[in-house]
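Novice: would you be able to build a 3D model of this:
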Amino acid sequence: MEVETTGETVGEAKWLALRELERLQPGLDKAAVEFQVVSEGQRGLLGVGYAPARVLARVEEGAVASPPEAAADESDHVRRVRELVEQIALGIGVPCRVAVEETDEGVTATASGGDLALLIGKHGQTIDAIQYLVSSIVHRAWPEERFAVVVDASGYRERRRATLETLALRSAERAIESGEAVSLEPMSSVERKLVHLCLQEHPGVETSSEGAEPNRFVVISPA
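Specialist: This next block holds a predicted model:
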């Protein structure tokens, strides 16, 4: 199955193509869709010479996601989180499946399928930015409902959390043994918070953040 769509940007054209394929094949496995950029388009000057971006999208017949992604009784904000993550992922060229789980603590959207390295970014910088953007949009739409929004990709956050905790504990022991402060590599605010929480009850060290964004980092000092 193949469709061709146009849009102001390549990302918009891909999004429209995906929606058209979903209309033609309900339950479509988004990760199975292949895109070919026919033209990246041209904005033109003062509206003169404008040409839309053109995209071909292909998928094999019967490429259906299992289990189905959307539940009939899911809430509006869960549906909105799913749509936002899908749209952003597609916009940066990473079509994927997005499963959303809602608990008392909040909403977690997990992307899966294919190579998600571009979606995650170096040290999770891209996925952290996506999480911040989705959270801001959803909270603005539902200001009275305060809940956490987490965006994950194939278990990245759990793997990264384990890595950071190991790094934090080893660095704490090094700081105690040497009697000198240990500075970690620059991290996002999300990752710095994980390090602080990991060591907040450690009897031998104290932590602080130094530097300016985007190069702010954690310093582990002997107590």
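
Novice: could you list the buried residues of the helix or strand encompassing residue 219?
Specialist: Taking DSSP states H and E as the definition, one finds residue 219 inside strand 217-222. Residues 217-221 are the ones in strand 217-222 that count as buried (16 or more other C-beta atoms under 10 Å). C-beta here means a position set from N, CA and C on the backbone, and glycine is covered the same way.

Novice: ditto for stretch 120-132
Specialist: If you call a residue buried by 16+ other C-beta under 10 Å, then stretch 120-132 has these buried ones: 120-121, 123-128, 130-131.

Novice: returning to what we had before: and the strand holding residue 219, which strands flank it?
Specialist: Paired strands of strand 217-222, with direction, are strand 182-183 (antiparallel), strand 205-210 (antiparallel) (DSSP bridges).

Novice: out of those, which is closest to residue 8?
Specialist: strand 205-210 (39.8 Å; C-beta to C-beta).

Novice: what lies in contact with the helix or strand harbouring residue 98?
Specialist: Assigned by DSSP H and E, residue 98 belongs to strand 97-102. If you take C-beta atoms under 8 Å, 6 or more residues apart in numbering as the criterion, strand 97-102 is touched by 29-31, 65, 69, 74-75, 78, 81-82, 85-86, 89, 107-113.

Novice: next up, the contacts around residue 74.
Specialist: So residue 74 contacts 100, 102 (C-beta under 8 Å, 6+ apart).

Novice: can you check residue 87 too?
Specialist: Contacts for residue 87 were tallied using C-beta under 8 Å, 6+ apart; they are residue 15.
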